[in-house]
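Engineer: Sequence and predicted model, in that order:
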Amino acid sequence: VLPPRSSARVDLQRYRELHRRSVEEPREFWGNIAKEFYWKTACPGPFLQYNFDVTKGKIFTEWMKGATTNICYNVLDRNVHEKKLGDKVAFYWEGNEPGETTKITYRELLVQVCQFSNVLRKQGIQKGDRVAIYMPMILELVVAMLACARLGALHSIVFAGFSAESLCERILDSSCCLLITTDAFYRGEKLVNLKELADESLEKCREKGFPVRCCIVVKHLGRAELGMNDSPSQSPPVKRPCPDVQICWNEGVDLWWHELMQQAGDECEPEWCDAEDPLFILYTSGSTGKPKGVVHTIGGYMLYVATTFKYVFDFHPEDVFWCTADIGWITGHSYVTYGPLANGATSVLFEGIPTYPDEGRLWSIVDKYKVTKFYTAPTAIRMLMKFGDDPVTKHSRASLQVLGTVGEPINPEAWLWYHRVVGSQRCPIVDTFWQTETGGHMLTPLPGATPMKPGSASFPFFGVAPAILNESGEELEGEAEGYLVFKQPWPGIMRTVYGNHTRFETTYFKKFPGYYVTGDGCRRDQDGYYWITGRIDDMLNVSGHLLSTAEVESALVEHEAVAEAAVVGHPHPVKGECLYCFVTLCDGHTFSPTLTEELKKQIREKIGPIATPDYIQNAPGLPKTRSGKIMRRVLRKIAQNDHDLGDTSTVADPSVINHLFSHRCLTTQ
Ligand code: WT7
């Protein structure tokens, strides 16, 4: 247990008291917080209503139903007009190339959002419509999402690292009528021609009978040549010579962002929405293979991300906050855009990667903007650890006060390095456990209040009531290990799976009636600290991103040579987990390096580069139960050369096990 920071918003005793109140009297606790926001009309009925028990009927959660508000108004207009933060910097934008920077104040951001809202309105976008966004980490991405929110349209942001096929699947699932994208961008040295992927995706949508009527394109790489650096605060234009990116232009569908913006007015009345109207859809992997469109609603999400941001990062107005996550993931939605803006914070928005142009990039940015609170993923920490202390220690980092991590369990070695080297032993670390589904932090230390244990997400946030259940669904007290569940709703909980409420109920509420089931295993120690032990379903966590074994398997079997595939997670020093695939080939096909290359390419095209396997093993047979179920538990052990297989009496043909052991992949391919 390491000593906490001295000056903080709350101490341990106050945390305990506030936590108890928040769980016992959630209506009063969140009701007080709601008073800090703008409501066009007050909540007419009960502040909270819910049912978590499938045996008692439909699962639902409603916070402040009937109250009306607008989240964009709350995070921009209110900050500019009421709180007089118009001249405060909302974002320092740092491009992929060092020296390529801009900044935007709250007032400027509000103007751009109003303009773009008018653009969308002119394109016919209305409350309830779905808008797909496929963009790199540029300011227009924030503008686009807030403009949707201003109109009450749902944004569905698809991470720019996903494939054309994944984008198409997501556009179709929520029938998005408009796509916002970008010409191209660099990730380190790599050029990504995003428009080409977007075109391919829209072509696929058309083939499937769903023509997206409009595609708005930000000219990002071509910006300098356009003379678009018009804001007085903007620094020298893009340094990298503009590459010759070939863009296809689809007349009648494609429109340039900058041309539309020139004609747009800079005032736009927000659409007043019900607190329980949907705010956005964000897809997350599901164990059946088909991604789930997680739906968050306006009022509860707003309260929750604002409050978690304020307490978990111990926010103070002079802070410079930096969350390195891409906005295409929930971490970016909640802690790049909505949480910081709701608090009137100044943040860094970074387009690049930690190793370009060198391994000290993050720390040079920390020094450049005097970042006070820094939030990243264990995989990034482990990757940087490999380069030793020098790239870190040659930068001052004196501004840093709090460090955060998210996405997967952090191994104590990485935690200690983060604390000792990056934080110079001065900064508390907040290891935040949460999910796309939870909207915001669930288990986390509070800086300066919670004595830390490396590798433990420690205690529940306000309003969160965790429990650990055994296989028969009994709550375990004291020291225990089992299923991590939550007993009552917090404002940021997802409300449904888009277009499939039954799937929402089955995935999260069916196994243990009365509880929200996270899908994670968890241990509670003698001091009441929670330790996440990892997923207990068929999900893999690669570099902090969830993938389902089923989605990778289905990408593999779509290849003509593959009859059957089984994918398991395998320990990896940087990614946490990587993919180890077993493939059974169809008659007449032979296993070869060319085939493994083709299979990898197939997965990249179907899902995206994050799903690229590290190992693909030829498996003439797979261990199965007599009923034909693939035994992934056994395959995991084979991949690790662990002969302690436990009970294998149910394996239909034990001889396949020895064969697989003797043909293990010894190196990555
Ligand atoms: C899963 C959720 C929430 C943003 C990033 C991932 C794992 C997340 C931690 C942590 C241990 C963690 C869990 C969870 N996870 N944070 N601090 N310690 N595990 O969002 O893609 O929805 O994944 O990530 O397994 O269920 P996501």
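Structural biologist: Arrived safely, thanks for sending.

Engineer: quick one, what contacts the residue in the stretch 551-669 of the chain that the ligand sits nearest to?
Structural biologist: Relative to the ligand, the nearest point of the stretch 551-669 of the chain is residue 576 (9.2 Å; Cβ to the nearest ligand atom). Quick note: C-beta positions are derived from backbone N, CA and C, even for glycine. Applying Cβ atoms under 8 Å, 6 or more residues apart in numbering to residue 576 gives the contacts 378, 379, 382, 408, 409, 541, 542, 543, 544.

Engineer: quick one: which of those residues is most hemmed in?
Structural biologist: The residue in those with the most neighbours, by other Cβ atoms under 10 Å, is residue 378 (25 neighbours).

Engineer: Can you tell me how far that one is from the ligand?
Structural biologist: Between residue 378 and the ligand the distance is 8 Å, computed by Cβ to the nearest ligand atom, to the nearest Å.

Engineer: Without its sequence neighbours, what residue ends up closest to that residue?
Structural biologist: Nearest-residue entry for residue 378: residue 410, 4.2 Å, with adjacent residues in sequence omitted and distances by Cβ to Cβ, 6 or more residues apart in numbering.

Engineer: how close does that neighbour sit to the ligand?
Structural biologist: Plainly put, residue 410 is 7 Å away from the ligand if you go by Cβ to the nearest ligand atom.

Engineer: show me what contacts that residue?
Structural biologist: The contact partners of residue 410, by Cβ under 8 Å, 6+ apart, come to 378, 381, 418, 431, 454, 455.

Engineer: Please read off the pLDDT at it from the model.
Structural biologist: On pLDDT, residue 410 comes in at 91.

Engineer: which phi and psi does it have?
Structural biologist: Backbone torsions for residue 410, taken as degrees, to the nearest 10, come to phi -100, psi 130.

Engineer: Let's see which of the contacts of residue 410 end up in helices.
Structural biologist: 378, 381 (DSSP state H).

Engineer: would TSV of the contacts of residue 410 with pLDDT be doable?
Structural biologist: Below are the contacts of residue 410 laid out as TSV (pLDDT from 0 to 100):
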residue	pLDDT
378	93
381	95
418	98
431	98
454	96
455	94
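
Engineer: Tell me the predicted confidence for residue 576.
Structural biologist: In this model, residue 576 carries a pLDDT of 93.

Engineer: Give me the phi and psi for it.
Structural biologist: phi 90, psi -70.

Engineer: same thing with residue 524?
Structural biologist: phi -110, psi 130.

Engineer: Now for it, how many residues are close by?
Structural biologist: Neighbouring residues of residue 524 were enumerated by other Cβ under 10 Å; the total is 21.

Engineer: List the contacts of residue 520.
Structural biologist: Contacts for residue 520 (Cβ under 8 Å, 6+ apart) come out as 433, 483, 484, 532, 533, 534, 535, 536.

Engineer: I'd say the third one and residue 522 touch.
Structural biologist: To tie it back to what came earlier, the one meant is residue 484. Yes: with contact defined as Cβ atoms under 8 Å, residue 484 reaches residue 522; the gap is 3.7 Å.

Engineer: Spell out which residues are contacts of both of those two.
Structural biologist: 466, 468, 530, 532.

Engineer: What lies in contact with the host helix or strand of residue 20?
Structural biologist: Using DSSP states H and E, residue 20 sits in helix 12-24. Residues outside helix 12-24 that contact it (Cβ under 8 Å, 6+ apart) are 10, 28-30, 446, 449-451, 459-465, 488.

Engineer: ok, which pair from the residues you listed is furthest apart?
Structural biologist: Farthest-apart pair in the contacts of helix 12-24 is 28 and 451; separation 28.6 Å (Cβ to Cβ).

Engineer: rewinding a little: from the contacts of residue 520, list just the buried residues.
Structural biologist: 433, 483, 484, 532, 534, 535 (16 or more other Cβ atoms under 10 Å).

Engineer: filter the residues you listed by proximity to the ligand?
Structural biologist: Restricting those to those adjacent to the ligand (criterion: Cβ under 6 Å from any ligand atom) gives 433, 532, 535.

Engineer: got the contact list for the first one?
Structural biologist: It refers to residue 433. Applying Cβ under 8 Å, 6+ apart to residue 433 gives the contacts 406, 441, 442, 443, 444, 457, 520, 530, 532.

Engineer: Am I right that the third one is in contact with residue 459?
Structural biologist: No: at 10.2 Å, residue 442 and residue 459 do not qualify as touching, with contact defined as Cβ under 8 Å.

Engineer: between those two, which one's more packed in?
Structural biologist: residue 442 (26 against 21).

Engineer: I'd say residue 353 and residue 189 touch.
Structural biologist: No: applying Cβ under 8 Å as the test, residue 353 and residue 189 come out as separate, 9.5 Å apart.

Engineer: For the residue in the stretch 501-650 of the chain that the ligand sits nearest to, which three-state class applies?
Structural biologist: Closest residue of the stretch 501-650 of the chain to the ligand, Cβ to the nearest ligand atom: residue 532 (3.6 Å). Of the three states, residue 532 takes strand under DSSP: H, G, I helix; E, B strand; the rest coil.

Engineer: Look up which residues are beta-bridged to it.
Structural biologist: For residue 532, the beta-bridge partners are residue 522 (DSSP bridges).

Engineer: who's in contact with it?
Structural biologist: Residue 532 is in contact with 409, 433, 443, 457, 484, 520, 521, 522, counting by Cβ under 8 Å, 6+ apart.

Engineer: before we move on, what about residue 542?
Structural biologist: Counting by Cβ under 8 Å, 6+ apart, residue 542 touches 569, 572, 575, 576, 577, 578, 579, 610, 611.

Engineer: Present those as a markdown table; the columns should include secondary structure.
Structural biologist: Output for the contacts of residue 542, formatted as a markdown table (three-state DSSP):
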| residue | secondary structure |
| --- | --- |
| 569 | strand |
| 572 | strand |
| 575 | coil |
| 576 | strand |
| 577 | strand |
| 578 | strand |
| 579 | strand |
| 610 | helix |
| 611 | helix |
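
Engineer: What's the ChimeraX syntax to select whichever of those residues are buried?
Structural biologist: Command for ChimeraX, covering only those of the contacts of residue 542 found buried under the criterion 16+ other Cβ under 10 Å:
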select :569,572,575,576,577,578,579,610,611
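
Engineer: List just the nearest of the contacts of residue 542 to residue 554.
Structural biologist: Set against residue 554, the nearest of the contacts of residue 542 by Cβ to Cβ is residue 611 (11.4 Å).

Engineer: Which pLDDT value belongs to the closest one?
Structural biologist: pLDDT, read off for residue 611, is 95.

Engineer: cool, the one 5 residues further on as well?
Structural biologist: At residue 616 the predicted local distance difference test score is 97.

Engineer: ok, it - contacts?
Structural biologist: Shown in contact with residue 616 (Cβ under 8 Å, 6+ apart): 581, 583, 596, 599, 600, 665, 669.

Engineer: ok, and for stretch 78-95, which residues are buried?
Structural biologist: Burial within stretch 78-95, assessed by neighbour count using 16+ other Cβ under 10 Å, is assigned to 78, 79, 80, 85, 88, 89, 90, 91, 92, 93, 94, 95.
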